[in-house]
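Student: Give me a model of this one.
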Amino acid sequence: MTSTPQAPAPEGRKARPEHLSHVIFIAAAAAMGGFLFGYDSAVINGAVVAIKDRFDVGSEALAQVIAAALIGCAIGAATAGRIADRIGRIRVMQIASVLFTASAIGSALPFALWDLAMWRVIGGIAIGMASVIAPAYIAEVSPSAYRGRLASFQQAAIVTGIAISQLVNWGVLNLANGDQRGRIGGLEAWQWMLGIMVIPAVLYGLLSFVIPESPRYLISVGRHDQARKVLRDVEGKTVNLDTRVAEIEQNMRHERKPSFSDLLGGKFLFLPIVWIGIGLSVFQQLVGINVIFYYSSSLWQSVGINPESSFFYAFETSIVNIIGTVIAMVLVDRLGRKPLALIGSVGMAISLGLAAWAFSYKTEIDGVVSLPSLQGTVALFAANFFVLFFALSWGVVVWVLLGEMFPGKIRAAALGVAASAQWIANWLITVTFPSLSDWNLSGAYIIYTIFAVLSIPFILKWVPETKGKALEEMG
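Tutor: A predicted model of the protein is given here:
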């Protein structure tokens, strides 16, 4: 999905667009893919214990099923850009909507464990597509003065999807009298948890029919009149549309479709900027954030919290996630990307270190697992502060940077590689956590703490600041 860079903005283009509310709607609709990304990623949290019981599997096999979606995510992320360049950004959103819908229905009605894993992979492909198409599309339709805040919609949608999935899980669990395998209308509670995603999946598809195609894609296929209309709607009447179209066309003439070979260069296979994108993606996952969202209910139950309370804590953590994301959306264009990332890294390192200390006091007596009162309180607060610091920094900043930092001619290909690396790292954390937790829960959190600490010199030395820069300045 070649995001052709814009030319330097004239003064008029920096003014508030006349149709800013329309631009916000477009960005929010595109970010609906992020909502499904968050929902599908986290909804499994409420079904983990039931799936383990229903199919009588151990921790390792269960982890493979949960992580199966992440294999699909890597595939979807790696292919979305090239597909979008061929058929358009909107068509990719519609394909993702169909895959989300199929995954929701199939996951709710599996007849075997492998069947459930297959539908999780299909849902993962949709997530991977959405993770690439939304930030790139939003960057392409957003006026530069608002691009950071509008790009933040992706992460805001992700965390909202996570929160709603936890709320749905809690509501379904209560309808089933606290039993994940309790029956409601002929299906077990966990099946309803997974199946309800069909509603936002269909809504995503419907929204894709009412938002415009990217003006850069329209120009690339010769649909100049439509591109002018979109540019007028998103950038305002003060912009000279013929000049804008000419600027985009001129940049396109000097570019060719991105390919994997465009990313290669230097002594270490990829171009340095591509490695920075990969590093951002990998560090975002190696701090263990998705342990909270995939396993939080079972995590709290593993230290003695009852199921109903564990679901409440999972939802409460999702609310903290939303609060942190709102803070990031307010600050990302004011404070800048790098300062936010540094604040988050320091906060996460401290929070994870405290959690590791608290979990080291975990005890099991006659099969009953618990934490002492002080350590239990510290663990709960540390988990929430970890989520808060992640949400107000790396959760938003990484998506903003990945949509901005690459030169135009490699943006789509580089974003696909970085997103694929993110899903592979996510898979690694997801598949290893159950075994690490069984081995030593505190040790697992010490590992995540180390990665949070290492992210600090990485930001200081290599990550560029993209605040206030036009897309054509990147690289």
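Student: For residue 285, give me the pLDDT.
Tutor: Predicted confidence (pLDDT) for residue 285: 93.
Student: name the element it belongs to?
Tutor: helix 272-286 (DSSP states H and E).
Student: quick one: low-confidence ranges for this protein?
Tutor: Along the chain, segments meeting pLDDT under 70 span 1-19, 144-145, 236-238, 240, 251-268, 293-311, 364-370, 408, 468-475.
Student: Residue 64 - nearest residue in space that isn't next to it in sequence?
Tutor: Residue nearest to residue 64 in three dimensions, not counting chain neighbours: residue 431, with 6.4 Å by CB to CB, 6 or more residues apart in numbering. For glycine as for every other residue, the C-beta is placed from the backbone atoms N, C-alpha and C.
Student: Verify the stated contact: the one you found with residue 62.
Tutor: No. With contact defined as CB atoms under 8 Å, residue 431 does not count as touching residue 62 (10.0 Å).
Student: Can you tell me, leaving aside adjacent residues, what's nearest to residue 462?
Tutor: Nearest residue to residue 462 in three dimensions, chain neighbours excluded: residue 276, at 5.1 Å (CB to CB, 6+ apart).
Student: The one you found against residue 459, yeah?
Tutor: No. With contact defined as CB under 8 Å, residue 276 does not reach residue 459; the gap is 10.0 Å.
Student: starting at the chain centroid, how far to stretch 63-80?
Tutor: Once both centres are worked out by CA atoms, centre = their mean, to the nearest Å, stretch 63-80 turns out to sit 13 Å from its chain's centre.
Student: now the strands for the stretch 251-400 of the chain?
Tutor: 363-365, 368-370 (DSSP state E, counting those that start in this stretch).
Student: And for the stretch 51-200 of the chain?
Tutor: Here the stretch 51-200 of the chain has its strands, by DSSP E, counting those that start in this stretch, at 183-184, 187-188.
Student: Any chance of those in a markdown table with mean neighbour count and distance to residue 403 as columns?
Tutor: Listed next are those as a markdown table, based on neighbours: other CB atoms under 10 Å; distance: least, CB to CB, whole Å:
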| stretch | mean neighbour count | distance to residue 403 |
| --- | --- | --- |
| strand 183-184 | 12 | 41 |
| strand 187-188 | 18 | 39 |
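Student: could these be laid out in CSV, adding distance to residue 404?
Tutor: Formatted as CSV, the strands of the stretch 51-200 of the chain follow (distance: least, CB to CB, whole Å):
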stretch, distance to residue 404
strand 183-184, 45
strand 187-188, 44
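Student: and residue 247, which of the ones you listed is closest to it?
Tutor: For the strands of the stretch 51-200 of the chain, the distance to residue 247 is smallest for strand 187-188, at 55.0 Å, taking CB to CB.
Student: ok, and what's touching the closest one?
Tutor: Contact with strand 187-188 is made by 50, 54, 108, 176, 180, 181, 182, 195, as judged by CB atoms under 8 Å, 6 or more residues apart in numbering.
Student: Highest neighbour count among those residues?
Tutor: Counting by other CB atoms under 10 Å, residue 180 has the largest number of neighbours within these, with 25 neighbours.
Student: for the stretch 151-300 of the chain, what spans make up the helices?
Tutor: 189-195, 198-208, 215-220, 224-235, 241-253, 272-286, 289-302 (DSSP state H, counting those that start in this stretch).
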